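Engineer: no sequence on hand, only this structure:
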């Protein structure tokens, strides 16, 4: 079946119609292309995962990059974001509410046990059960029986039919449900995980193209060593012998290692090198659009940022940021000022939303709105934006707060945290008392994924605890709409509410800026900015 870039933007509702992915199953991959002699290990940059390697509890890129290499889900996304079967052989529905999912009978975990339908169902039940407090529980919200408050050990909407078949009943129609299934939250878990989830998180039993090199492969705060998984027989067969992900403290360090031949591929270039990295690397430099969005968030519970005063201050701050100047001066044209909350590479994106002028620099209007907020309650204190210093964010954080401070006449500054996981811990625990850097690297290529997980009430990545019933209503209407154009229109209307409330401050769309060394070939970066590591070959 022919697919657009976003894969499943449609569903045939005729009786017994098969939703996309049926007929696209792999019957097992060939192992040619990889030397498998241990010599062709690809090295790359990364960051220490915030949590153990449990897919339902990982919602950040450090852990996500690893999970996508060591697990295989029902589907996977190619470089353009189109979805293809991996473990699934078909995903069918005739009403966008009841789905029948069939899987291959020849997939196994790295401990030799078969991948069965129940391994998906048990993993999803674990992720959805409130007592397990999983960060990605939100992704199971649409399955019948899900609850945020009550412990539900087994969702009634999930049923195992046999070893290779299970059914999913949703509590409302969701035409893009199959499109979501390539995201890591929907990966299976082996039987052994439920005997010792702690061990599974540290040295996971896996079913993907790669596995951990041994019990001590994860050297915390240093690196993780992955080798090819000989038991994987799906479509993403590695053409190398493994991937070592090094956890760098700074992007400058990873870039220096790239130039020095000590790392093969990096997917981030430090701000200090953006002006010259393409000259340094030549045709080995990468600068291409990706589904990555940069923002910062001011939590609803911070003083001065709720109610009418908060709305005025948020709009004033947004208009006080000179995005065009920052992207030109700091990023040397490798970023584009944002005009919405999603990404131009996603089908349905629009640059003409009502209210988008709040994202344009307007010093006079910003001062006016700030004064109106002061009339409600006088401003006090310093506006700080927290960021992780290991991610190369200081320059733009300083430029952004300088723009705000000089326009509004207030004190504003960046606040550095040494590491990403340290910052995320405070954000997740709601102990942070400042604004903080946020962003989104899409889980799957659809507008909903930029909106639902971040801004829907109680959503897993709604770090600012935003809640607006009208936004939630439009989001739900879009999710059940089986016409892609009509659904995208609902998502655009939902964004217009976000432009009024500004739970987060869209800054810019991010190109993936990276590069690779002279000893590797077939390097391709995907729609979500991550290299397709399994395709890379090494001389």
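Structural biologist: The structure has been received and is ready for your questions. This is a predicted model, so every value here is computed, not measured.
Engineer: give me the phi and psi angles of the residue located most distally from the centre of the chain.
Structural biologist: The centre of the chain is farthest from one residue, residue 375, which by CA atoms, centre = their mean lies 39.7 Å away. The phi/psi pair for residue 375 (degrees, to the nearest 10) reads phi -70, psi -30.
Engineer: tell me the spacing between the residue nearest to residue 149 when sequence neighbours are not counted and residue 158.
Structural biologist: Of all residues not flanking residue 149 in the chain, residue 130 sits nearest, at 6.4 Å (CB to CB, 6 or more residues apart in numbering). Backbone N, C-alpha and C define where each C-beta goes, glycine included. Distance of residue 130 to residue 158, computed by CB to CB, to the nearest Å: 16 Å.
Engineer: who has more neighbours out of these two?
Structural biologist: Under the neighbour definition other CB atoms under 10 Å, residue 130 and residue 158 were set side by side, and residue 158 has more, 22 against 14.
Engineer: for residue 125, see how far away the more buried one is.
Structural biologist: The spacing between residue 158 and residue 125, counted by CB to CB, is 6 Å.
Engineer: which residues are in contact with both of the two?
Structural biologist: Taking CB atoms under 8 Å, 6 or more residues apart in numbering as the contact rule, residue 158 and residue 125 have no neighbour in common.
Engineer: ok, which stretches of the stretch 1-150 of the chain are helices?
Structural biologist: Ranges of helices within the stretch 1-150 of the chain are 61-70, 117-128, based on DSSP state H, counting those that start in this stretch.
Engineer: I'd like to know which of the ones you listed is closest to residue 402.
Structural biologist: helix 61-70 (27.2 Å; CB to CB).
Engineer: so where is this protein shaky, pLDDT-wise?
Structural biologist: 1-38 (pLDDT under 70).
Engineer: all helices for it, in order.
Structural biologist: 61-70, 117-128, 177-180, 197-202, 251-259, 277-281, 307-319, 323-329, 363-376, 394-408, 420-429, 447-455, 469-480, 484-501 (DSSP state H).
Engineer: before we move on, the earlier item: could you check how far the residue nearest to residue 149 is from residue 460?
Structural biologist: In this view, residue 130 and residue 460 are 13 Å apart by CB to CB.
Engineer: which neighbours do those two share?
Structural biologist: Joint contacts of residue 130 and residue 460 (CB under 8 Å, 6+ apart) are residue 137.
Engineer: which non-adjacent residue is nearest residue 470?
Structural biologist: In this structure, residue 470 finds its nearest non-sequential neighbour in residue 497, 5.8 Å apart by CB to CB, 6+ apart.
Engineer: pretty sure residue 447 sits against residue 348.
Structural biologist: Yes - shown here, residue 447 and residue 348 form a contact pair, counting by CB atoms under 8 Å, at 4.7 Å.
Engineer: of those two, who's got more company?
Structural biologist: The residue with more neighbours, out of residue 447 and residue 348, is residue 447; 30 against 19, by other CB under 10 Å.
Engineer: show me what contacts that one?
Structural biologist: Per CB under 8 Å, 6+ apart, neighbours of residue 447: 342, 346, 347, 348, 349, 478, 488, 491.
Engineer: what sits closest to residue 535 if chain neighbours are left out?
Structural biologist: In space, residue 535 is closest to residue 522, 5.2 Å off (CB to CB, 6+ apart).
Engineer: which residues touch the one you found?
Structural biologist: 239, 535, 536, 537.
Engineer: show me what the last one is bridged to.
Structural biologist: The reference is to residue 537. residue 521 (DSSP bridges).
Engineer: what about it, distance to residue 78?
Structural biologist: 18 Å.
Engineer: run a quick neighbour tally on residue 261.
Structural biologist: For residue 261, the count of nearby residues is 10 (other CB under 10 Å).
Engineer: to clarify, my last question referred to residue 486.
Structural biologist: Using other CB under 10 Å, residue 486 has 11 other residues around it.
Engineer: distance check, it against residue 497.
Structural biologist: Residue 486 is 18 Å from residue 497, by CB to CB.
Engineer: quick one on the thing from earlier: need the contact list for the residue nearest to residue 470.
Structural biologist: Going by CB under 8 Å, 6+ apart, residue 497 touches 468, 470, 471, 474.
Engineer: hmm, residue 180 is touching residue 186, no?
Structural biologist: Yes - under the criterion of CB under 8 Å, residue 180 makes contact with residue 186 at 7.0 Å.
Engineer: overlap of the contact sets of the two?
Structural biologist: With CB under 8 Å, 6+ apart, residue 180 and residue 186 have common neighbours residue 139.
Engineer: check contacts around the residue nearest to residue 395 when sequence neighbours are not counted.
Structural biologist: The shortest distance from residue 395 to any non-neighbouring residue, by CB to CB, 6+ apart, is to residue 271 (4.6 Å). Applying CB under 8 Å, 6+ apart to residue 271 gives the contacts 251, 330, 331, 392, 394, 395, 396.
Engineer: residue 271 and residue 393: what is the separation?
Structural biologist: For residue 271, the distance to residue 393 - CB to CB - is 8 Å.
Engineer: equivalent analysis for residue 40, please.
Structural biologist: Counting by CB to CB - residue 40 and residue 393 are separated by 34 Å.
Engineer: the two: which has the busier surroundings?
Structural biologist: Neighbour totals were compared for residue 40 and residue 393, and residue 393 leads with 25 against 21 (other CB under 10 Å).
Engineer: what's the closest non-adjacent residue to the more buried one?
Structural biologist: Of all residues not flanking residue 393 in the chain, residue 387 sits nearest, at 4.0 Å (CB to CB, 6+ apart).
Engineer: I figured the one you found was touching residue 419, is that so?
Structural biologist: No - contact between residue 387 and residue 419 fails when scored by CB under 8 Å: they sit 11.2 Å apart.
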